[in-house]
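Visitor: show me the folded form of this:
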Amino acid sequence: MTSNANPAPLLDGDLERLSASLPAGTTIHLWLKAAQGKAAAEMTVSVAGIEVGLLTVDNAEEYQLRTLHLENGGQTAFRYDPTTTVVSVVYAFSESDVLEKGILVLYAGEANAPPTVPGSYHFRPPFGWMNDPNGFGRFGDRVHLFYQHYPHSLRWNTMHWGHAVSDDYVRWRHLPVFLFPSADLSARADGQGGVFSGSAIPLPGKEPGIRVFFTEQVKDRQPEEQIQLTAVSRDQIAAGPAEVILPERPAGLDLTLDFRDPYVVKGPDGRWKMLVGSRDRAGGVILLYETADPEAASGWTFVGILHREDRFGMTAAECPCLVPVDGPADDPATRWALIFGLLTSRDPATGRRNITVATVGRFDGRSFVKEFEQELDFGTDAYAFQAFVDQSGGPVGIAWLANWTEISKKTDFPTAMTLPRRVVLKDGALLTPPVDTVESLRQQLIDDERLLSGDIVELGNGAAEIVIDLTAPGAAFDLEFDHPVADLGLRLDQEGLSILYDVPDGKWLPRYIASGARPSTLRIFLDRGSIEVFADNGRWTGTKRLPGFEGVRSARLTAPQGNVAAASIWQLGL
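Guide: Modelled structure (predicted):
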């Protein structure tokens, strides 16, 4: 099954009718709500003309999930009266092979349908809203990506966890929604909370099960709005019942209600460690917990404050991540990268908001000693970065390709994830180059002469990779792009490396600059809605979300004579 089908509803008298040929053993997830609250929502499902289910919902405030299992296969019809029933999502899958084939999306409404982006290669959800990556890791033979998700519109609301798997980090199969908010929170579309961000670890034993950790938020709940829970999936498809593991914040630290985003990792002493983002009256703090339980299911105790950060007017430390970067976790000589977001921060020199910091140092399981730190991304639209150590190739991370500065809860916002990135410690710097498999996206060479000659080069559908080799570190150039909405470019000069970005709305925009950067090589990935820049193998990385879903139409390179040794452009695609 693929996840690309989205057939338009067919009119059947005064009933809407969806139809698809489905095999025996198919499971169907569908969300309904009552149109006006006076009459219940109803949907009948029939296979080969025989009715096999009548699904009803009384709620008119929010869509409710209904599940149906088909014992027999055949042409399957879904009928409902649009005057009484509203449909959000219908998808089908077989539990026996969904990890290999994914779900088949039969319907998504106008309010939550994904954008039409032919040729796009970034991960996007099959419907609805997406933000932070969660539980990113390899379980069994596949890489799993969970993410913050609201299925029923393109705006943030009550949080769920979406789910996808990949064999190569770049081609993804969508799976059923993995985690659901509580029944109380699911009853209304009022954004009062839900299943917030977290992480995942493998279950011990031969079977590739998954334990997830997440924050449950309930706004105005007393005494704690945010608490930490865990749940287990034995089949890697659906989570079982959740249990509370941290019901309250640690006492005596004068913490605000911010208490979220549990990230769990095996420490150098063999114990499971949990990082939780929080805030006190001075700024952001990262809390450290540990447990001796090999399954990490219980026994969590508070160790102390692992790290404190109060720069740039930030409030809470969000989405903390801790990963060994130059050796095994149990080697005392190994350095670790502590990565987290500075919520509401603003760099006074550039105006950039919500900066992500990477701090590198030693971690002994109970304390972290900083050696150096740097920004993770000078474009700042790689937020909520989460990494894990893939035993087949070292640390790998991914981020939400957006930033809360440009997001409004009142505005539709189809979104994406960044390209997955390796995390490498080299020569006193943390590098985040794209994973090697992105080279498999190269479909054909568009040009390796005209850009170098200063010509305008057309970029087809806008999904492209530009590779530039300079004759000396920091050799100046300007790369100008023709984008239908934004003024966009890339510049290297004596100040550093800059993504030039402006939109004609009269607002003052930040400067997206890696000050002092002097790279020799650059890879620039363009897609519908984004630009990602990797200079010197990710020594300087910059990510910027672009408005709309029209691609960059052309590129033109200008540089002093002899500054650029080579320039090429590849058309990309899945």
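
Visitor: the most centrally placed residue in the chain in helix, strand or coil?
Guide: Nearest to the mean C-alpha position of the chain, by Cα atoms, centre = their mean, lies P133 at 3.5 Å. Recorded secondary structure, P133: strand (DSSP: H, G, I helix; E, B strand; the rest coil).

Visitor: gap between it and Q374?
Guide: 21 Å (Cβ to Cβ, to the nearest Å). Bear in mind the C-beta positions are built from the backbone N, C-alpha and C, glycine included.

Visitor: what about the strands in the stretch 101-250 of the chain?
Guide: 104-108, 129-139, 142-150, 160-166, 172-174, 193-202, 210-218, 226-233, 243-246 (DSSP state E, counting those that start in this stretch).

Visitor: partner strands of the longest one, parallel or antiparallel?
Guide: Read it as strand 129-139. Counting by DSSP bridges, the strands paired with strand 129-139 are strand 142-150 (antiparallel).

Visitor: and the partner strand with strand 160-166, angle?
Guide: Angle of strand 142-150 versus strand 160-166, following axes from the mean of the first three to the mean of the last three Cα atoms, to 10 degrees, is 150 degrees.

Visitor: offset the numbering so it begins at 43, please.
Guide: Shifting the count to begin at 43 puts that one at strand 184-192.

Visitor: I'd like the average pLDDT over strand 184-192.
Guide: The pLDDT scores in strand 184-192 average 97.

Visitor: kindly report the same for stretch 149-168.
Guide: Mean pLDDT, computed over stretch 149-168, is 92.

Visitor: what's the span of that stretch from first residue to last?
Guide: Using Cα to Cα, to the nearest Å, one end of stretch 149-168 lies 10 Å from the other.

Visitor: list the buried ones in it?
Guide: Residues 149-151, 154-156, 159, 161-168 are the ones in stretch 149-168 that count as buried (16 or more other Cβ atoms under 10 Å).

Visitor: so how far is it from its chain's centroid?
Guide: Chain-centre distance of stretch 149-168: 15 Å, with Cα atoms, centre = their mean, to the nearest Å.

Visitor: quick one, what contacts the residue nearest to the centre of the chain?
Guide: Taking Cβ atoms under 8 Å, 6 or more residues apart in numbering, we find P175 in contact with L187, F188, Y189, A426, F427, Q428, I440, A441, W442, M459.

Visitor: what's across from it in the sheet?
Guide: Per DSSP bridges, the residues bridged to P175 are Y189.

Visitor: strands along the stretch 443-592 of the chain, start to end?
Guide: 463-464, 466-468, 471-473, 484-489, 498-500, 506-512, 519-524, 529-535, 538-544, 554-557, 563-569, 572-577, 582-587.

Visitor: out of those, which is closest to Q603?
Guide: Smallest distance to Q603 across the strands of the stretch 443-592 of the chain (Cβ to Cβ): 11.5 Å, for strand 519-524.

Visitor: helices of the protein, start to end?
Guide: With DSSP state H as the criterion, the chain has helices at 140-143, 225-228.

Visitor: wait, which of those is closest to S562?
Guide: Closest approach to S562 among the helices of the chain is made by helix 140-143 (41.9 Å; Cβ to Cβ).

Visitor: mind showing which ranges of the stretch 243-392 of the chain have poor pLDDT?
Guide: The stretch 243-392 of the chain contains no residues with pLDDT under 70.

Visitor: next, count neighbours for the nearest residue to R276 once chain neighbours are set aside.
Guide: The shortest distance from R276 to any non-neighbouring residue, by Cβ to Cβ, 6 or more residues apart in numbering, is to G251 (4.8 Å). Neighbourhood size, G251 [other Cβ atoms under 10 Å]: 17.

Visitor: how about L494?
Guide: Neighbouring residues of L494 were enumerated by other Cβ under 10 Å; the total is 18.

Visitor: roughly how far does it sit from Y554?
Guide: For L494, the distance to Y554 equals 25 Å [Cβ to Cβ].

Visitor: kindly report the same for I508.
Guide: 17 Å.

Visitor: and stretch 516-528, how far out from the chain's middle?
Guide: Here stretch 516-528 is found 27 Å from its chain centre; the criterion is Cα atoms, centre = their mean.
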